[in-house]
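> Pasting a predicted model and its sequence here:
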Amino acid sequence: MTVRSTDKIEFAFERVIPARPEEVYDAWLDPTIPGNPWHESDKLILNATVDGLFYWLHPGGTSHYGRFTKTERGALIQHTWVSPNTRGEESVVTVTFKKKGDDTVMTLVHSDLPDADVAKTHENGWNYFLGLFSDQFAEVTNEP
């Protein structure tokens, strides 16, 4: 879903993951788990604590960086996000984890993106990562 303000856009994504919120939260921050953005990197610095920084070098040579602003295990991760596709402007990524029966509803909102074609590429990027991430849990729960 895309939301527009005067000069900023926002994307929101939701996935239902067959695991507890703490497991999904931990997996989202674990660079060994395929499907989170930290997994696909040529170089990674990741300090997922409030005021901790991340630097992520994409295999294509594009760098992303930001600062964690909120973390609550099993509930919330929020950090800034800067890349060439944000035109160097700081945007905000908020990921929430809510228990629903035996599953977790994981919601990712990327806000404060400039209303520009390059920033709109984040929609495909997050759908790609979230699809891979969801698949990891499906594979784990379907193993004999």
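Sure, I can see it. Residues are numbered from 1 along each chain as shown.
> How about stretch 125-137, which residues are buried there?
125-126, 129-130, 133-134, 136-137 (16 or more other CB atoms under 10 Å). Using the backbone N, CA and C atoms, a C-beta is placed for each residue, glycine as well.
> From these, which land in helices?
125-126, 129-130, 133-134, 136-137 (DSSP state H).
> Closest one to E22 out of the residues you listed, please.
Nearest to E22 among these, counting by CB to CB, is F137 at 13.3 Å.
> Just checking, which helix or strand of this protein averages the lowest pLDDT?
None of the helices or strands of the chain scores lower by mean pLDDT, DSSP states H and E than strand 2-4, at a mean of 53.
> Give the next helix or strand downstream of that strand.
Sequence-wise, the next helix or strand downstream of strand 2-4 (DSSP states H and E) is strand 8-17.
> Could you tell me which residues within the helix or strand immediately after that next one in the chain count as buried?
Next along the chain after strand 8-17, taking DSSP H and E as the criterion, comes helix 21-28. Of all the residues in helix 21-28, those buried under the rule 16+ other CB under 10 Å are 21, 23-25, 27-28.
> immediately after helix 21-28, which helix or strand?
Once helix 21-28 ends, the next helix or strand along the chain (criterion: DSSP H and E) is strand 43-46.
> Show me the strands paired with that next one, marking each as parallel or antiparallel.
Sheet pairing here is set by DSSP bridges, and for strand 43-46 it gives strand 53-57 (antiparallel).
> Now the helix or strand following the partner strand - C-alpha only, CSV.
Where DSSP H and E defines the elements, the next helix or strand beyond strand 53-57 is strand 63-72. Extracted in CSV, the C-alpha atoms of strand 63-72 (Å, rounded to 0.1, in the frame of the first residue of the first chain):
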residue,chain,number,x,y,z
SER,A,63,25.3,1.4,0.4
HIS,A,64,22.5,1.8,3.0
TYR,A,65,22.9,3.1,6.5
GLY,A,66,21.0,4.3,9.4
ARG,A,67,20.5,4.5,13.2
PHE,A,68,18.2,2.4,15.4
THR,A,69,15.7,4.6,17.2
LYS,A,70,13.5,2.1,19.0
THR,A,71,13.8,-1.6,19.8
GLU,A,72,11.6,-3.8,21.9
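> Taking strand 63-72 as reference, get the angle to the helix or strand following strand 63-72.
Downstream of strand 63-72, the next assigned helix or strand under DSSP H and E is strand 76-81. Angle of strand 76-81 versus strand 63-72, following axes from the mean of the first three to the mean of the last three CA atoms, to 10 degrees, is 150 degrees.
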